[in-house]
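Enquirer: Following is a predicted model, sequence given first.
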Amino acid sequence: MGAKGFSFCAVCRRNHEQGRGHRYTAGHRNALQSVLGKIRMKIEGLRGFLGNPRDQAPSHRFWCLFCEEDVADNQGSSSIACSNAIHHLASAAHVSNVKRFWCENGADANTRHDFFFSRKEIADWEAVCGDGALADSSSVATTQGAMENNIHHERFLAAKSSQSPSVCVEPLQKISKDQTLQVNGATAHRHTVAAFGGNLATVTPRPLVSSKGNVHSGAPPPWLSDLPTHGSDDGCPKGISKRKRREMERLDKRVGAAWANRRKAQLERDAAPRREEAANDWLPSFGRVWQNGSRRDSRKEFEMEKKKLREETTNSTPPAVQPYVGKRKHLQMEAGGGKHD
Amino acid sequence: MALLGLSTLTHKQDVDAMIRDTLDKVLVLRFGRATDPLCMQLDETLGKSSRELSKFASIALVDVDAQEIQVYLHYFDITLIPATVFFFNSQHMKMDSGTPDHTKWIGAFHSKQDFIDVVETIYKGAMRGKLIVNCPLPADRVPKFELLYKDI
């Protein structure tokens, strides 16, 4: 009984000491599924060329995971498309490497035949190549799982042959995260000429009188073009409490924050009519409960007004301070005054 | 679509008002036809999840056959339906799902949870100030399509 030791799994790309049990773990199965899915897609693309060898094929260089080697494309060395790759996938070494990979990684045995070309397929392909028959663009059948580059090339040819010479259509470009289209720049003035996919219905927009641009070219959006003009457009509503202002500063980094603040203020203004000037018979609402703002605000208002009132009373002359005279003494003084007289 | 609780918009001013007045919530606009089967499938997904998303998202349907809506089809370059466009505070939100078009979602969603995940990702990105977000769904659940562009 010895230690299992660490071993490296090429599919999961990590070292483990689970031994042969590693191939049955969920993580390994998921990684295996995704890896085999990617390889299957590439091989299906090459399988498309088995039936239709062409003179020119886009670059199909790929890494064969089973043999752990790079399969280069054969541009310049052979006139048949992808012959290097097809020969590799049919070779005995590749087939035995696939079998070894299946045993080591515990993949589904029923799917093994998708990852190499059988002798019959190769024999048919060689017969077609030997005849020198090359399919023309119109009879190309595009398969679901064809390689991306092949799809681009074939669609480009099909579109070019079907359209008039005045229309210049560029092949599909893969827009990755790194190539984000600039909204305000002049890098992407384009509109879609044709679209297809799955069971999606196409829709052709009716032609407009004036086509100013679209979302790709960074044109101004149509929902902001018919904006009704409104009055004073202050960015922030006045008279908001400090707590509310702090919360708004935190929300300021959200998308469209300035627009949202402005629009909220505008909607509030439209909803509540502006207070009119005080009429002669106006009386204050002493409760202060139904006014706008929190109780803290109304308390502050009340203290300000009290302070103002106090200042007004201190400014005026204070009343004369007189000493206290008791009631009995006051009466005696009055009576004594009367007697003396 | 009244059964699903979603309103269908056919006038430009209704769409404009919807976009301008939905504040601090993700607005989901589905451009399509009520009679198209894939649109119907998507509408059911949208209708079923509208209540769960009501706190941070609003959903509406836009009919592509209406005359006033053509300006939006031109602006968003909509050629395949159903096309779902996302907005936040009148800003158009983009999503990179590995498809050729980041400006909208083409096709239906695989499940209600997928749609909820997408809207949640857009909301989180928008609250952080991002105009384009990464799609949280795996590639096999994103509908595939192809477009041929022409430079204008």
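Expert: On my side now, so go ahead.
Enquirer: Compute the distance from the centre of stretch B:46-66 to the centre of its chain.
Expert: 8 Å (Cα atoms, centre = their mean, to the nearest Å).
Enquirer: Regarding chain B, what is its longest helix?
Expert: helix B:112-127 (DSSP state H).
Enquirer: Using CSV, write out every CA atom in that helix.
Expert: What follows is the C-alpha trace of helix B:112-127 in CSV, where atoms were taken according to Å, rounded to 0.1, in the frame of the first residue of the first chain:
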residue,chain,number,x,y,z
LYS,B,112,-37.0,31.7,-17.2
GLN,B,113,-34.0,31.6,-15.0
ASP,B,114,-31.7,32.5,-17.9
PHE,B,115,-33.7,35.6,-18.6
ILE,B,116,-33.6,36.6,-14.9
ASP,B,117,-29.9,36.1,-14.8
VAL,B,118,-29.4,38.3,-17.8
VAL,B,119,-31.5,41.1,-16.4
GLU,B,120,-29.8,40.8,-13.0
THR,B,121,-26.4,41.1,-14.7
ILE,B,122,-27.5,44.2,-16.6
TYR,B,123,-28.9,45.8,-13.5
LYS,B,124,-25.7,45.2,-11.5
GLY,B,125,-23.5,46.5,-14.3
ALA,B,126,-25.7,49.6,-14.8
MET,B,127,-25.6,50.4,-11.1
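Enquirer: Mind listing residues that contact that helix?
Expert: Taking contacts as Cβ atoms under 8 Å, 6 or more residues apart in numbering or on different chains, the residues outside helix B:112-127 that touch it are A:251, A:254-256, B:26, B:28, B:45-46, B:48-49, B:52-53, B:56-57, B:86, B:88-89, B:91, B:93, B:95, B:105, B:109, B:132-137, B:141. Just so you know, the C-beta spots here come from the backbone N, C-alpha and C atoms, and that holds for glycine as well.
Enquirer: Now restrict these to buried residues only.
Expert: Among those, those classed as buried by 16 or more other Cβ atoms under 10 Å in any protein chain shown are A:254-256, B:26, B:28, B:45-46, B:49, B:53, B:56-57, B:86, B:88-89, B:91, B:93, B:95, B:105, B:109, B:132-133, B:135, B:137.
Enquirer: Report how many residues lie close to residue 126.
Expert: No chain in the question, so chain A it is. 15 (other Cβ atoms under 10 Å in any protein chain shown).
Enquirer: ah, I was thinking of chain B
Expert: Other residues close to residue B:126 by other Cβ under 10 Å number 24.
Enquirer: so what's the residue nearest in space to the middle of chain B bridging to?
Expert: Residue closest to the average C-alpha location in chain B (Cα atoms, centre = their mean): residue B:84, at 2.3 Å. On the basis of DSSP bridges, residue B:84 takes part in beta bridges with residue B:30, residue B:105.
Enquirer: okay but it is in contact with residue B:28, surely?
Expert: Yes. In this structure residue B:84 lies within contact range of residue B:28 using Cβ atoms under 8 Å: 6.2 Å.
Enquirer: hmm, back to that, what about the buried ones among the contacts of helix B:112-127, which are in helices?
Expert: By the criterion of DSSP H, membership of these in helices covers B:45-46, B:49.
Enquirer: Just after the helix or strand hosting residue A:84, pick out the following helix or strand.
Expert: Using DSSP states H and E, residue A:84 sits in helix A:83-90. Beyond helix A:83-90 in the direction of the C-terminus, DSSP H and E gives the next helix or strand as helix A:92-105.
Enquirer: and the angle for that following helix with helix A:83-90?
Expert: Taking axes from the mean of the first three to the mean of the last three Cα atoms, to 10 degrees, one finds that helix A:92-105 is oriented at 50 degrees with respect to helix A:83-90.
Enquirer: what's the next secondary structure element after helix A:92-105?
Expert: As the chain continues past helix A:92-105, the following element, by DSSP H and E, is helix A:119-131.
Enquirer: What helices and strands are in contact with that next one?
Expert: With contacts taken as 3 or more Cβ pairs under 8 Å, 6 or more residues apart in numbering or on different chains; DSSP states H and E, helix A:119-131 sits against helix A:26-51, helix A:83-90.
Enquirer: between those, which gets nearest to residue A:63?
Expert: In terms of Cβ to Cβ, the element of those nearest to residue A:63 is helix A:26-51, at 9.1 Å.
Enquirer: what element comes up after that closest one heading to the C-terminus?
Expert: Next in line after helix A:26-51, if elements are assigned by DSSP H and E, sits strand A:62-64.
Enquirer: who does that next one touch, helix- and strand-wise?
Expert: Looks like strand A:62-64 contacts strand A:69-71 (3+ Cβ pairs under 8 Å, 6+ apart).
Enquirer: Enumerate every residue touching residue B:12.
Expert: By Cβ under 8 Å, 6+ apart, residue B:12 lies in contact with A:222, A:226, B:68-69, B:71-72.
Enquirer: ok, now with 6 Å
Expert: By Cβ atoms under 6 Å, 6 or more residues apart in numbering or on different chains, residue B:12 lies in contact with residue B:68.
Enquirer: Chain B contacts on chain A?
Expert: With Cβ under 6 Å from any Cβ of the partner chain as the criterion, chain A meets chain B at residues A:159, A:169, A:177, A:189-198, A:200-203, A:205-206, A:208, A:214-215, A:222-223, A:253-256, A:259-260, A:263.
Enquirer: Kindly supply the PyMOL command isolating those of these that are buried.
Expert: Per 16+ other Cβ under 10 Å, the buried members of the residues of chain A next to chain B correspond to this PyMOL selection:
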select buried, chain A and resi 159+169+189+190+191+192+193+194+195+197+200+203+205+214+215+222+223+254+255+256+260+263
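Enquirer: Just read off the phi/psi values of residue B:36.
Expert: Note on residue B:36: its backbone torsions stand at phi -80, psi 130 [degrees, to the nearest 10].
Enquirer: Identify the bridge partners of the closest residue to it other than its chain neighbours.
Expert: In this structure, residue B:36 finds its nearest non-sequential neighbour in residue A:201, 5.2 Å apart by Cβ to Cβ, 6 or more residues apart in numbering or on different chains. Beta-bridge pairing for residue A:201 (DSSP bridges): residue B:81.
Enquirer: picking up where we left off before, which ones among the residues of chain A next to chain B map onto strands?
Expert: Using DSSP state E, the members of these that fall within strands are A:190-196, A:201-202.
Enquirer: Among those, give me the pair with the biggest separation.
Expert: Those two in those that are separated most widely, counting by Cβ to Cβ, are A:190 and A:201, at 22.2 Å.
Enquirer: Can you give the contact residues for stretch A:115-132?
Expert: A:50, A:53, A:80, A:89-90, A:94-95, A:98.
Enquirer: hmm, back to that, packed most tightly, which of the helices and strands packed on helix A:119-131 would that be?
Expert: helix A:83-90 (a mean of 21; mean count of other Cβ atoms under 10 Å in any protein chain shown).
Enquirer: Let's test this: mean pLDDT of that one, rounded?
Expert: Averaging pLDDT along helix A:83-90 gives 85.
Enquirer: Stretch B:136-144 too?
Expert: 92.
Enquirer: measure it end to end?
Expert: Terminal residues of stretch B:136-144 are spaced 16 Å apart (Cα to Cα, to the nearest Å).
Enquirer: swap in stretch B:5-24?
Expert: 21 Å.
Enquirer: mind checking how far it is from the chain centre?
Expert: The answer for stretch B:5-24 is 13 Å, by Cα atoms, centre = their mean.
Enquirer: do stretch B:124-138 as well
Expert: 14 Å.
Enquirer: so how far is residue A:41 from the residue nearest to the centre of chain B?
Expert: Distance, residue B:84 to residue A:41, using Cβ to Cβ, to the nearest Å: 27 Å.
Enquirer: All set now, cheers.
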